[in-house]
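Undergrad: Next one to model:
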Amino acid sequence: MKKALLAFKKAEIGIVQLKETLGNDLYNVQNYKPETVYAKDVIFLIEKFLSKGIPLESVLDWVNVIWFTDLYQYASSEEESIASVMTFLEMLDEPDAEFSKEDYEKMIESLNT
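TA: From the prediction side, this is the model:
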């Protein structure tokens, strides 16, 4: 289970593979220790998306699983900056939400400070 959580956090597997390991209901997984998400993990995701290493749908799956399930927790010292960027990333599924490369660079800068 830990291996699957880590692989998903690193965008090595998608939501389908995560569900194959943990079950379809990611909101009610039993007997697990939450994986910690650091600012560097969010930066990695953004950079992978910008380089076209993963599609937008994978970014949205990642954000929704990380943010809305109890499978992951933010590193306490980086919680505020991660949460602020996740708020923007979560809006990517809205029809009028579009971010420029500069917007993503600002998100990365925010996570680095």
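
Undergrad: Show me what stretch 62-70 is in contact with.
TA: Residues from elsewhere that reach stretch 62-70, judged by CB atoms under 8 Å, 6 or more residues apart in numbering: 8-9, 11, 15, 18, 26-27, 29, 34, 37, 45, 71-72, 86, 89-90, 92. Backbone N, C-alpha and C define where each C-beta goes, glycine included.

Undergrad: Which positions in that stretch come out as buried?
TA: Of the residues in stretch 62-70, 62-67, 69 count as buried by neighbour count, 16 or more other CB atoms under 10 Å.

Undergrad: Over to stretch 8-26?
TA: When burial is assessed from 16+ other CB under 10 Å, stretch 8-26 yields the following buried residues: 8-9, 11, 13-15, 18, 22, 26.

Undergrad: any idea of the mean pLDDT in that stretch?
TA: The average pLDDT for stretch 8-26 rounds to 95.
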